[in-house]
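Student: sequence unknown, structure follows:
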């Protein structure tokens, strides 16, 4: 038996079986929904992560600055790896 459920974006009835955009009915609805999340129109209730005065970089690395780039050209030059004899 095929299950017909409503698309969470447009509420159109859609079949789950063989639908690459499940739970959405189409790529359009999937992308429109993603756009609302990305723009902040949708949100999950709760305390904001940034309300503690932390930047997004400090949340990932544990510090106040972005993490170092271990493969940066400046570091390679300092270590003499890019010097040509």
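Tutor: Everything's here; your move. Keep in mind that this is a model prediction, so the values were computed, not measured. Numbers count the residues shown, from 1 in each chain.
Student: and residue 17, how far is that from residue 5?
Tutor: Note on residue 17: its distance to residue 5, by Cβ to Cβ, to the nearest Å, is 11 Å. For the C-beta atoms, the positions are set from N, CA and C on the backbone; glycine is no exception.
Student: do the same with residue 11
Tutor: Taken as Cβ to Cβ, the span from residue 11 to residue 5 is 10 Å.
Student: now swap in residue 37 and tell me
Tutor: Relative to residue 5, residue 37 is positioned 20 Å away (Cβ to Cβ).
Student: what pLDDT does residue 53 get?
Tutor: Listed pLDDT for residue 53 reads 57.
Student: now residue 13
Tutor: 91.
Student: Roughly how far does the spatially closest residue to it that is not a sequence neighbour sit from residue 33?
Tutor: Nearest non-adjacent residue to residue 13, counting by Cβ to Cβ, 6 or more residues apart in numbering: residue 4, 4.9 Å away. Per Cβ to Cβ, residue 4 is found 19 Å from residue 33.
Student: Ok, residue 43 next?
Tutor: For residue 43 relative to residue 33 (Cβ to Cβ), the value is 13 Å.
Student: which of those two has more neighbours?
Tutor: Neighbour comparison, residue 43 and residue 33: the larger count goes to residue 33, with 18 against 9 (by other Cβ atoms under 10 Å).
Student: residues in contact with the more buried one?
Tutor: 8, 9, 24, 42 (Cβ atoms under 8 Å, 6 or more residues apart in numbering).
Student: So it, which state does it fall into?
Tutor: Recorded secondary structure, residue 33: helix (DSSP: H, G, I helix; E, B strand; the rest coil).
Student: switch to numbering from 18
Tutor: Understood, numbering begins at 18; the last thing we discussed is residue 50.
Student: Can you read off the pLDDT for it?
Tutor: Each residue has a pLDDT score; the one for residue 50 is 95.
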